[in-house]
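Chemist: What follows is a predicted structure for the sequence shown.
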Amino acid sequence: VAEVIDNTTSRGRTLRFLYDGSYTDFRNILETLGDTPLPKYIKRKPDEKDQERYQTVYSKYEGAVAAPSAGLHFSKNLIKKLEITGVLLPEITLHIGLGSFKPVDVEDLSKHKMDSEQIIITKKSADIVNEIKNNRKKICAVGTTAVRAIESSVTTQYKLKDFEGWTNLFIYPPYNFNITN
């Protein structure tokens, strides 16, 4: 049984599931009911290989409705090569929500409302980014998901701060980036 416990424009619906059984059994049922979300341009039903194919190699936490598509281009081998060359890869989390798939249907972009998505930026990751910034090195965030997450947690001194919460930041021109350079 599922009960709607929150129904808001910014966060969508929050459901509470009531299940008479173990958590593992419940998860198994959800796995059989759900499908791997595929990008809209793929015009076919998901198959078993898609569950791994459409997941980033660095994924750690459940919570997103889809993988960040820019992250799909990374392999473990590429990440290792970047680390060997001295590239730092501080971890952040942005749980992509269904709002990422909502089309922009307004002419005035300032009127578009993004659905809220959950962010987790640890102090350790914020400290790494700020040290890079202090040393005037390059900061590159791959993909809009990463950019939205870090641009949602900026101090008045344009430093990244640790944060656990929600963002509905919509980036469109002319936007002044505070972290990436």
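Modeler: Nice, thanks for sending it over.
Chemist: could I have stretch 88-95 exported to PDB, CA atoms only?
Modeler: Extracted in PDB, the C-alpha atoms of stretch 88-95 (Å, rounded to 0.1, in the frame of the first residue of the first chain):
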ATOM      1  CA  LEU A  88      41.300  16.100  -7.800                       C
ATOM      2  CA  LEU A  89      37.700  14.600  -7.900                       C
ATOM      3  CA  PRO A  90      35.800  15.800  -4.800                       C
ATOM      4  CA  GLU A  91      32.500  14.000  -4.400                       C
ATOM      5  CA  ILE A  92      29.100  15.700  -4.400                       C
ATOM      6  CA  THR A  93      25.700  14.300  -4.600                       C
ATOM      7  CA  LEU A  94      22.600  15.700  -6.400                       C
ATOM      8  CA  HIS A  95      19.700  13.200  -6.600                       C
END
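Chemist: quick one: it to chain centroid distance?
Modeler: How far stretch 88-95 lies from its chain's middle: 9 Å, per Cα atoms, centre = their mean, to the nearest Å.
Chemist: Check stretch 91-110 too.
Modeler: Worked out by Cα atoms, centre = their mean, stretch 91-110 lies 10 Å from the chain centre.
Chemist: Which positions within that stretch qualify as buried?
Modeler: 92-97, 99-100 (16 or more other Cβ atoms under 10 Å). Yep, even glycine has a C-beta here, placed from its N, CA and C like the rest.
Chemist: Just the ones of those in helices?
Modeler: Among these, none falls in helices (DSSP state H).
Chemist: now those in CSV, with pLDDT?
Modeler: Below are the buried residues of stretch 91-110 laid out as CSV (pLDDT from 0 to 100):
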residue, pLDDT
92, 91
93, 90
94, 87
95, 89
96, 86
97, 81
99, 73
100, 77
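Chemist: Show which residue of the protein lies farthest from the average position.
Modeler: When distances are taken from the C-alpha mean of the chain, residue 20 lies farthest, 31.7 Å away, according to Cα atoms, centre = their mean.
Chemist: Can you tell me who the most centrally placed residue in the chain pairs with across the strands?
Modeler: For the chain, the residue sitting closest to the mean C-alpha position, by Cα atoms, centre = their mean, is residue 94 at 3.0 Å. With DSSP bridges applied, residue 94 shows beta-bridge pairing to residue 119.
Chemist: Quick one: the helices in this protein, in order.
Modeler: Here the chain has its helices, by DSSP H, at 23-33, 50-53, 76-84, 123-134, 144-151.
Chemist: Tell me which of these lies nearest to residue 40.
Modeler: Proximity to residue 40 (Cβ to Cβ) singles out helix 50-53 among those, at 14.1 Å.
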